[in-house]
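Trainee: build me a model from this:
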Amino acid sequence: MANHLYYGDNLAVLRDSVADESVDLIYLDPPFNSNASYNVLFKGPKGNESAAQIEAFDDTWHWNDSAEAAFGEVLRSGNGAAAEMLRAMRSFLGENDMMAYLAMMAVRLLELHRVLKPTGSLYLHCDPTASHYLKILLDAVFGARCFRNEIIWKRSNPKSHGSKNFSTASDTILRYSKTDDFFFKQPYEEHDPAYVEKAYRFSDQRGKYRLLPLLNPNNNRPNLTYEFLGVTRVWRWTRERMQAAYEDGLVIQLKPGAVPQYKKYLEDSKGRTVTNIWIDIPQAAGKETLGYPTQKPVALLERILNASSNPGDVVLDPFCGCGTTVHAAEKLGRQWIGIDVTHLAVGLIEKRLRDAFPKVSFTTHGVPQDIAGARDLAARGRSDKNYYFEFEKWALSLIAAQPGNMGRKGADKGIDGRLYFGAKSEGTAIVSVKAGDNVGVSMIRDLRGVIEREGAGVGIFLTLAEPTRPMIAEAAGAGQCEIEGFAPVPRIQIVTIEEAMALRDRALRLPARRDDAFKRAAREEDRGAQGALDL
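Mentor: Model (predicted):
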């Protein structure tokens, strides 16, 4: 199986590329457009949701022909429970955004059920906006008996500002298994120091310990009723086990005639049992955060992976966003499949994995892998409007630039993408992408006019075709961009797609580049001695 990253609609990828019962664990965090931050992949350097952002799921969750088609597919799926449940939801909700979301999710949940192994589990991460509807859908698809947990994750501290409602500080994670024969390993967390101090009050040469009762709560157990150390009771253990523990120094009688007790050493405790209320994992912050508003912390996914998979198992995230799931899977030695519908997200995941795991090995599908593939994508864009912006978005992802036209034709004003640089992101670079075979000096002049109009410091001309000598001369004539404390760089920079494919963002020369869309992931020093997974 190895590791695979797919660009494209996860429904098509699941159907075309993921075999029946081939996945051990699924985690998904599907977006819903009632939460505006779900739609904006990245914020600008000042936290604003500017025109430089891309809306990842614009028009995806509205009732339209696609939603109607998804609804019909569920009705024809052969899963009668899912079909009847979705029909009832439509009767109640009508044809609105929520119903479109549920129809699109239902057809995908059916595919996720198909690819999951009988021993596998699914974790669906959601907020209260749609969690109740999603649980009903999951009951229909997986069967209510396969519901295992509703996990409440406290993701942040409540805001202090006044409100008519209680502050929201949690998300819901719905956990289902495919069958009753599922894998689960109980996770533990460290004991609270105050609890340790209070409970483990005794110590000897072996370490701290607490005393636990040995009496059986069930008084009607003749086989466990016997005399031990002069005390007759109904015990938890057989006489043989009690005697062995006593000889090992684990059973103690504080005074003659007292009921013996068991010595539970702190070093033998696995820790505090993790329940369905998770309050010990904060939101992603500091060096971990990559600028993605709904980024989940790696520790959250590590807990899920450790509880419901083993090293070498296959983990799938069909809405992988900034790639936290595949990061955790790579770190813990799992195989993984990630799917996302935006080039920007796929580019971020590629960069994140290579930053964190220099020896990582994976295959990216659905994007050009060489210059011939790039030319093919550009050619399709010229002949098919569905591919009009695909080349542009992919090209921008190569240099970690944010799309600047919101993905809408005619709205760019000469700005296909943006980059931010400088110690405080005070500098802006405007990116112009050209997919045509014919490029000329007038295009460099146009880009120069755009950066002057926008007050930008640098212009990047990203071209599929090789630049002409007059273009190179015109770019050189634009002078240099200077920021105090940093070496000057060319104000107009021509970068070919072939160079960008080979060097990525290293093909650019920007002073003190601060990459807000694609911040560098911290390198993982210790990967549990798993090593890179080869294809």
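Trainee: drop to CA atoms for contacts and neighbour counts, all remaining ones
Mentor: Fine.
Trainee: who is W278 paired with across the strands?
Mentor: W153 (DSSP bridges).
Trainee: what is the neighbour count of it?
Mentor: By other Cα atoms under 10 Å, 15 other residues sit near W278.
Trainee: try S383
Mentor: Neighbours of S383 using other Cα under 10 Å come to 10.
Trainee: give the contact list for it.
Mentor: Residues in contact with S383 (Cα atoms under 8 Å, 6 or more residues apart in numbering): none are found.
Trainee: for it, report the pLDDT, please.
Mentor: Confidence at S383, expressed as pLDDT, is 76.
Trainee: domain parsing for this structure?
Mentor: 4-47+54-161+172-187+274-365, 189-268, 371-507 (automatic domain parsing).
Trainee: which among those domains is found nearest to E524?
Mentor: Closest to E524 of the domains of the chain is domain 4-47+54-161+172-187+274-365 (Cα to Cα; 5.1 Å).
Trainee: how long is that closest one from one end to the other?
Mentor: One end of domain 4-47+54-161+172-187+274-365 sits 7 Å from the other (Cα to Cα, to the nearest Å).
Trainee: thinking again about what came up before, now the domains of the chain as TSV including distance to E524?
Mentor: Below are the domains of the chain laid out as TSV (distance: least, Cα to Cα, whole Å):
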stretch	distance to E524
domain 4-47+54-161+172-187+274-365	5
domain 189-268	22
domain 371-507	21
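Trainee: A521 is nearest to which of those domains?
Mentor: domain 4-47+54-161+172-187+274-365 (5.3 Å).
Trainee: for the record, mean pLDDT for the closest one?
Mentor: 88.
Trainee: nearest to R523, of the domains of the chain?
Mentor: Of the domains of the chain, nearest to R523 by Cα to Cα is domain 4-47+54-161+172-187+274-365, at 3.7 Å.
Trainee: quick check: closest non-adjacent residue to the most centrally placed residue in the chain.
Mentor: Central residue of the chain (Cα atoms, centre = their mean): T324, 3.6 Å from the mean position. Counting by Cα to Cα, 6 or more residues apart in numbering, T324 lies nearest to V298, which is 5.9 Å off, once chain neighbours are set aside.
Trainee: quick check: the nearest residue to P490 once chain neighbours are set aside vs G457, distance?
Mentor: Of all residues not flanking P490 in the chain, Q480 sits nearest, at 4.4 Å (Cα to Cα, 6+ apart). Going from Q480 to G457 by Cα to Cα gives 9 Å.
Trainee: overlap in contacts of the two?
Mentor: Residues within reach of Q480 and of G457 at once, by Cα under 8 Å, 6+ apart, are R491.
Trainee: okay, and the beta partners of the spatially closest residue to R221 that is not a sequence neighbour?
Mentor: In this structure, R221 finds its nearest non-sequential neighbour in V234, 6.6 Å apart by Cα to Cα, 6+ apart. Beta-bridge pairing for V234 (DSSP bridges): T225.
Trainee: could we number from 47 for the rest of this?
Mentor: Sounds good: first residue 47 from here, last item V280.
Trainee: gap between V280 and N264?
Mentor: For V280, the distance to N264 - Cα to Cα - is 8 Å.
Trainee: compare these two and say which is more crowded by neighbours.
Mentor: Taking neighbours as other Cα under 10 Å, V280 and N264 compare with V280 leading, 21 against 10.
Trainee: surely that one meets N265?
Mentor: Yes - V280 lies in contact with N265 (Cα atoms under 8 Å); the separation is 6.0 Å.
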